[in-house]
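K.L.:
Task: produce atomic coordinates for the following.
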Amino acid sequence: MRHPLVVLCCVALLVLAGCTAPATDDPPTSDVRLSLDNADSQRYEVTVAVAPTTVDTLRIIGVDGETRTYRDVDSLDVVPSAVLGNATGFTASGPDVTTKRYVLEPGTGIGDELADTPQNTTVVYLVTQPDGADPTRSWGAATCGQSEFAEIAIRIADGGALSTATHCGSLAN
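P.N.:
Take a look at the predicted model:
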């Protein structure tokens with residue numbers, strides 16, 4: 001009879017051991033590598049927003065020049081697809097939300113670092129071709145959940161085909 005009691009006590013100690021660790025308010029962070037490559041003969045613009053929490057205000061500029069505003073956005077699903085499909089730019093604001101815009105000339109690439117990005121962050125991006133007849137090329141959102149966010153890559157091939165990749169976990173240098 002003693003053996004099951006000892007096992008039960010050991011299990012209880014293991015479970016409780018995790019409860020005694022000091023609590024931390026800040027999630028772990030990582031520096032996310034951002035890789036943008038344009039192998040096409042056209043100029044592109046890429047806007048990236050890093051949103052660790054809900055975006056307080058999301059402003060989307062349409063091809064018609066009109067700005068549409070959305071509040072307390074926790075997913076792009078709350079924005080009508082017609083608005084996303086006609087966007088030429090956006091800004092996002094809120095606690096710890098940062099937005100960056102990049103211009104990719106033909107045949108160029110840009111590397112950047114999104115420093116101190118908390119786990120469970122969402123990176124939202126918009127790729128546009130400002131000089132094209134249909135400027136909106138692609139919207140997207142990427143997250144690694146509770147894993148370390150290591151890299152997001154956006155590649156524009158010759159001819160304009162887009163591909164994106166997200167890498168979670170550590171990247172070997």
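K.L.:
dump the residue contacts of the residue nearest to Tyr44 when sequence neighbours are not counted.
P.N.:
Using Cβ to Cβ, 6 or more residues apart in numbering and skipping residues adjacent in sequence, the residue nearest Tyr44 is Leu104, 4.6 Å away. Where C-beta positions appear, they are placed from N, C-alpha and C, glycine not excepted. The contact partners of Leu104, by Cβ atoms under 8 Å, 6 or more residues apart in numbering, come to Leu36, Asp37, Asn38, Arg43, Tyr44, Glu45, Val46, Ile110, Ile156.
K.L.:
Serialize those residues to JSON lines and add fields for pLDDT, secondary structure and neighbour count.
P.N.:
What follows is the contacts of Leu104, written out as JSON lines (pLDDT from 0 to 100; DSSP: H, G, I helix; E, B strand; the rest coil; neighbours: other Cβ atoms under 10 Å):
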{"residue": "Leu36", "pLDDT": "98", "secondary structure": "strand", "neighbour count": "22"}
{"residue": "Asp37", "pLDDT": "98", "secondary structure": "strand", "neighbour count": "17"}
{"residue": "Asn38", "pLDDT": "98", "secondary structure": "strand", "neighbour count": "25"}
{"residue": "Arg43", "pLDDT": "96", "secondary structure": "coil", "neighbour count": "16"}
{"residue": "Tyr44", "pLDDT": "96", "secondary structure": "strand", "neighbour count": "26"}
{"residue": "Glu45", "pLDDT": "96", "secondary structure": "strand", "neighbour count": "18"}
{"residue": "Val46", "pLDDT": "97", "secondary structure": "strand", "neighbour count": "21"}
{"residue": "Ile110", "pLDDT": "97", "secondary structure": "strand", "neighbour count": "15"}
{"residue": "Ile156", "pLDDT": "97", "secondary structure": "strand", "neighbour count": "24"}
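K.L.:
Arg68: which of those is nearest?
P.N.:
Distance to Arg68 across the contacts of Leu104 (Cβ to Cβ) is lowest for Glu45, with 18.7 Å.
K.L.:
Isn't that closest one up against Ile110?
P.N.:
No. Glu45 is beyond contact range of Ile110, at 11.2 Å (criterion: Cβ atoms under 8 Å).
K.L.:
any residues in contact with both of the two?
P.N.:
Tyr102, Leu104.
K.L.:
Any regions of the chain where pLDDT drops low?
P.N.:
Counting by pLDDT under 70, the chain contains low-confidence ranges at 1-25, 171-173.
K.L.:
Report how many residues lie close to Ser75.
P.N.:
Using other Cβ atoms under 10 Å, Ser75 has 11 other residues around it.
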